[in-house]
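Enquirer: here is my input, please return the structure:
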Amino acid sequence: ELRYRKNKNMNNINILKPNKKNLHLFLVLGSLFFVLGIFDFSLNNFYEKNITGFLPGFINFFTPLIFGMIGLYLIRIEFSGIKLLDELNKNINTSNFNAALSISIIILIIFSVAPLLNWFILDATFVGDSKEACTGEGACWVYIKTWFNRFMYGMYPNAEQWRVNATFIIVLGLMGAGYFFPLKYKKYLTFYYVVFLPIISFLLIYYLISGGEFGLEWVETGAWGGLSLTFIVSFFSLIFCFPIGMMLALGRRSDLTVVKYSSLSFIEFWRGVPLITVLFMSAVMFPMFLPDGTYIDKLIRVIVAITLFEAAYTAEVIRGGLQALPRGQYDAAKSLGMGYWRLHLLVILPQALKLVIPGIANTFLALVKDTPLIFVVGLLELVGMLNLAKTNPKWLGFSMEGYVFAGIIFWIICYSMSKYSQKLELKFKTDR
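Expert: Residues are numbered from 1 along each chain as shown. Below is the predicted model of the structure:
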């Protein structure tokens, strides 16, 4: 009788239709095929051998994918009761097509990780102070270590770099101070960040970084550079482009014909011109139209150019938020006797800005990544210093390490800004 039951159970198992009744069997078989596919590819990738080498080359090439798909098919059991398995099936194993995509991505990762790991770490050179120290096949991080100071401060004098550090520490401290404002002073935060902080930051940069006062050596802006210059340009451009963009968005929706078409013309002009052209005009052409004896520093001209350029894009993002609000919000505010400015500052703009946080964050990220273009006008921010360093006869051939380093720095900056914008979205999220 026991033998009869076993035979009956075996007859009830359909290998082509995985089910919850035989969950453990299908889980073991599926895991075995999946691991077999990954092992076969890894063996071939690292040691140029595989367990299906006796098969024709064309078939042998696809066996890891076939094994992996069979494995995922066997564990594709709905409502298995195993939380991890259900999540896996829900996210990467809903169909044969998704299973094939998932296996292909895993194979691509395995194929890419090993060479990258070798180049980044295992075969890389970290110790030394000259090009001769880099004898391995991996990255030469000695190049980054040697030029690190220039990548951070440009051509700023070494003995005076403490002034740059002090300025950034003070500005960061002032930015963080807003989080600790007493509740009764929270209403002044906008004034603090929009007016007070930019003025104090400008004074610190003018007197501390630029120097020439209080016994400090004067350092021309042409010597500023590296990541510190990237931060300076991005900081002031971000602060000023937002309020200008907000005014332009309101102006474009104004009922006043002159205001409306002036804002429209400004936005369409700046959106229709490449930033590199704007920077070139600000650095080369604009000084020709100034009266004799009038001089505006190149850095200020560049910041103004980027600010006006990005303000046009910010204006359109904010205008999208304004148009998303229902007409009832305007009517309700007007029924309370609110004028134009009170209506927009207290009712409309807070709601509109909340809706377009992702769009504003995207514009600001683009601004930060556009700062390397100032290299064309002779200002050497981070990427500009990399371009300068790679032409040094003593360090020829290491541009890859420099661009990877810059890419990592920009990714960290942009990812931090992105996470902060997501935090703001959650903070101001309301059910609609």
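Enquirer: quick one, strands of the stretch 201-350 of the chain?
Expert: Applying DSSP state E, counting those that start in this stretch to the stretch 201-350 of the chain gives strands spanning 225.
Enquirer: which stretches of it form helices?
Expert: In the stretch 201-350 of the chain, the helices defined using DSSP state H, counting those that start in this stretch lie at 226-252, 257-271, 275-280, 298-324, 327-335, 340-343, 349-355.
Enquirer: now the following helix or strand past the last one, how far from the centre of its chain.
Expert: Following the chain from helix 349-355 toward its C-terminal end, the next helix or strand by DSSP states H and E is helix 357-370. Computed by C-alpha atoms, centre = their mean, to the nearest Å, the separation of helix 357-370 from the middle of its chain amounts to 9 Å.
Enquirer: low-confidence bits of this structure, can you list those?
Expert: Within the chain, the ranges that satisfy pLDDT under 70 run 1-16, 50, 52-58, 430-432.
Enquirer: for residue 218, give its distance to residue 212.
Expert: With distances taken as C-beta to C-beta, to the nearest Å, residue 218 is found 4 Å from residue 212. In short, each C-beta sits where N, CA and C put it, glycine included.
Enquirer: what of residue 280?
Expert: For residue 280, the distance to residue 212 (C-beta to C-beta) stands at 29 Å.
Enquirer: so for those two, which residue has more residues nearby?
Expert: Between residue 280 and residue 212, residue 280 has the larger neighbour count (other C-beta atoms under 10 Å), namely 16 against 12.
Enquirer: next, give phi and psi for residue 381.
Expert: Phi and psi for residue 381, reported as degrees, to the nearest 10, are phi -80, psi -160.
Enquirer: meant to ask about residue 140
Expert: Torsion angles, degrees, to the nearest 10, at residue 140: phi -100, psi 90.
Enquirer: ok, back up a step: turn the helices of the stretch 201-350 of the chain into a markdown table, including distance to residue 163.
Expert: Shown next, in a markdown table, are these (distance: least, C-beta to C-beta, whole Å):
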| stretch | distance to residue 163 |
| --- | --- |
| helix 226-252 | 10 |
| helix 257-271 | 34 |
| helix 275-280 | 27 |
| helix 298-324 | 16 |
| helix 327-335 | 48 |
| helix 340-343 | 41 |
| helix 349-355 | 36 |
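Enquirer: nearest to residue 388, of the ones you listed?
Expert: Closest to residue 388 of the helices of the stretch 201-350 of the chain, according to C-beta to C-beta: helix 226-252, at 10.3 Å.
Enquirer: tell me what angle the closest one forms with helix 257-271.
Expert: Using axes from the mean of the first three to the mean of the last three C-alpha atoms, to 10 degrees, the direction of helix 226-252 lies 150 degrees away from that of helix 257-271.
Enquirer: and helix 226-252, what does it pack onto?
Expert: Counting contacts by 3 or more C-beta pairs under 8 Å, 6 or more residues apart in numbering; DSSP states H and E, helix 226-252 packs against helix 141-153, helix 161-177, helix 197-204, helix 257-271, helix 298-324, helix 357-370, strand 380-381, helix 382-389.
Enquirer: ok, now with 6 Å
Expert: Helices and strands touching helix 226-252, by 3 or more C-beta pairs under 6 Å, 6 or more residues apart in numbering; DSSP states H and E, are helix 141-153, helix 257-271, helix 298-324, helix 357-370, helix 382-389.
Enquirer: buried ones in that helix?
Expert: Going by neighbour count (16 or more other C-beta atoms under 10 Å), the buried part of helix 226-252 is 226-242, 244-246, 248-252.
Enquirer: swap in stretch 330-345?
Expert: Neighbour-count burial for stretch 330-345, with 16+ other C-beta under 10 Å as criterion, is recorded at 330, 333, 338, 343-344.
Enquirer: closest to residue 275 out of those?
Expert: Nearest to residue 275 among those: residue 344, at 29.5 Å, using C-beta to C-beta.
Enquirer: from residue 287, how far out is that closest one?
Expert: 38 Å.
Enquirer: kindly report the same for residue 76.
Expert: Remark: distance between residue 76 and residue 287 (C-beta to C-beta) = 68 Å.
Enquirer: with residue 17 instead?
Expert: If you measure residue 17 against residue 287 using C-beta to C-beta, the figure is 78 Å.
Enquirer: tell me which of these two has more neighbours.
Expert: Each of residue 17 and residue 287 has its neighbours counted (other C-beta under 10 Å); residue 287 has more, 13 against 9.
Enquirer: for residue 254, see how far away that one is.
Expert: To residue 254, residue 287 is 34 Å away according to C-beta to C-beta.
Enquirer: over to residue 330?
Expert: From residue 330 to residue 254 the distance is 14 Å (C-beta to C-beta).
Enquirer: do residue 148 as well
Expert: 50 Å.
Enquirer: for residue 209, same thing?
Expert: Per C-beta to C-beta, residue 209 is found 40 Å from residue 254.
Enquirer: the two: which is more packed in?
Expert: Here residue 209 and residue 254 are compared on neighbour count by other C-beta under 10 Å; more neighbours surround residue 209, at 22 against 16.
Enquirer: surely the more buried one meets residue 167?
Expert: Yes: counting by C-beta atoms under 6 Å, residue 167 is a contact partner of residue 209 at 5.4 Å.
Enquirer: please enumerate the shared neighbours of those two.
Expert: Common contact partners of residue 209 and residue 167 (C-beta atoms under 6 Å, 6 or more residues apart in numbering): none.
Enquirer: contacting residues around residue 275?
Expert: Here residue 275 is in contact with 309, 370, 373 (C-beta under 6 Å, 6+ apart).
Enquirer: buried only: go through those residues for me.
Expert: 309, 370, 373.
Enquirer: can you list contacts of the helix or strand harbouring residue 40?
Expert: Secondary-structure element containing residue 40, defined by DSSP H and E: helix 23-47. Outside helix 23-47, the residues that touch it by C-beta under 6 Å, 6+ apart are 18, 49-51, 64, 67-68, 70-71, 74-75, 80, 107, 110-111.
Enquirer: brilliant, that's me finished.
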